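Undergrad: this one's structure only:
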């Protein structure tokens, strides 16, 4: 080995790798820590056909009936009040069970802002289930989709929440980073919903 070689010669090759690792760390830095005694939220990644990025999936039980949970899910204008990292949420138009909503979400510790105009629709699922679906119409993301499935359980006393989210930001990072962030986002969203519903129940 040539000990006289200038170690700075390796820096141009290392810099892109280091920047990529730093960006990934920033994107994932805001993951939640489960508190002692917190009810379980099960999360997973679900493959999306034709894409290397996976859906984020979270399932949990909320200790309130569906009539208390659904109004919070469809209260799109107030997502900014309780959804993780939301900085704006404004209903642009609404008719019946359909709405056009503008939203902004801060990611990577505030380094980037994702924005989009989304269509939301609420409909009946199988049995007593209710479905709420969101799709990207315009924005600075390559793709965005989300679905809520709410099902009464325990004789209607509680609600099972099944949430899925697929976000493909327009950022030069590995697909695995986005897949993991989708899973984290799903878990954080369900936890935020549960907290919001519990607060509303306490006030009433």
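TA: Done, it's in. All values derive from a computational prediction rather than experimental measurement.
Undergrad: Which residue ranges of this structure form helices?
TA: 11-28, 66-73, 79-82, 175-203 (DSSP state H).
Undergrad: mean pLDDT lowest for which of these?
TA: Among those, helix 11-28 carries the lowest mean pLDDT, at a mean of 40.
Undergrad: remind me which residues of this protein are low pLDDT?
TA: Residues of the chain meeting the criterion pLDDT under 70: 1-39, 109, 204.
Undergrad: Could you rerun that using 80?
TA: Scanning the chain for pLDDT under 80 picks out 1-39, 108-110, 203-204.
Undergrad: And stretch 148-162, how far out from the chain middle?
TA: In terms of Cα atoms, centre = their mean, to the nearest Å, the centre of stretch 148-162 is found 20 Å from the chain centre.
Undergrad: Equivalent analysis for stretch 120-138, please.
TA: From the chain centre to the centre of stretch 120-138 is a distance of 16 Å (Cα atoms, centre = their mean).
Undergrad: likewise stretch 59-76?
TA: Centroid displacement of stretch 59-76 relative to its chain, using Cα atoms, centre = their mean, is 16 Å.
Undergrad: If you count neighbours, what's buried in that stretch?
TA: For stretch 59-76, a neighbour-count test (16 or more other Cβ atoms under 10 Å) marks 59-62, 64-66, 68-70, 72-74, 76 as buried. C-beta: built from backbone N, CA, C; applies to glycine.
Undergrad: And it, end to end?
TA: Its first and final residues considered, stretch 59-76 spans 20 Å by Cα to Cα, to the nearest Å.
Undergrad: follow-up on the earlier one: how about the buried residues of stretch 59-76, which pair is most distant?
TA: Farthest apart among these by Cβ to Cβ are 61 and 76. That separation is 23.5 Å.
Undergrad: close enough to count as contact, residue 193 and residue 69?
TA: Yes: using Cβ atoms under 8 Å, residue 193 is in contact with residue 69, at 7.4 Å.
Undergrad: Overlap in contacts, these two.
TA: When contacts are counted by Cβ atoms under 8 Å, 6 or more residues apart in numbering, residue 193 and residue 69 have 62, 161 as shared neighbours.
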